[in-house]
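**Student:** Pasting the sequence and the predicted model now:
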Amino acid sequence: MTDFEEQERQGEILALVRMMQYADGVASELDTPQVASLIKAAQAALLSVLEAEFPMLSRVHLYGLVSDTHGHC
């Protein structure tokens with residue numbers, strides 16, 4: 001995998017985590033706790049993948065990246 005492909009993959013995983021945060025908020029607003037729970041599980045799985053993709057970053061720094069929102073997602 002080239003550096004560009006690796007960076008693109010990391011960016012896409014980060015975008016998915018942010019989308020899951022947005023989806024969790026929507027599910028909570030719709031009062032669908034089972035859906036929110038499934039979304040949180042998917043988000044946790046994506047965060048695990050993201051941790052493997054960014055081994056040089058601490059968990060605190062990684063969560064800072066994830067929580068840095070742009071737009072609605």
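**Tutor:** Yep, it's here.

**Student:** What score does the residue nearest in space to the middle of the chain have for pLDDT?
**Tutor:** When Cα atoms, centre = their mean is applied to the chain, the residue found nearest the centroid is residue 17 (1.5 Å). pLDDT recorded at residue 17 is 89.

**Student:** Check residue 69 too.
**Tutor:** Reported pLDDT for residue 69: 60.

**Student:** Kindly report the same for residue 40.
**Tutor:** If you check residue 40, the pLDDT there is 92.

**Student:** so it is in which element?
**Tutor:** Residue 40 belongs to helix 33-53 when assigned by DSSP states H and E.

**Student:** Please verify my assumption that the residue nearest to the centre of the chain contacts residue 43.
**Tutor:** Yes. Checked against Cβ atoms under 8 Å, the pair residue 17 and residue 43 is within contact range at 6.0 Å. Any C-beta I mention is one placed from the backbone N, CA and C, and that applies to glycine too.

**Student:** so which helix or strand takes in the residue nearest to the centre of the chain?
**Tutor:** helix 3-29.

**Student:** Could you pull out the buried residues of that helix?
**Tutor:** Buried residues in helix 3-29, defined by neighbour count with 16 or more other Cβ atoms under 10 Å: 13, 14, 16, 17, 18, 19, 20, 21, 23, 24, 27.
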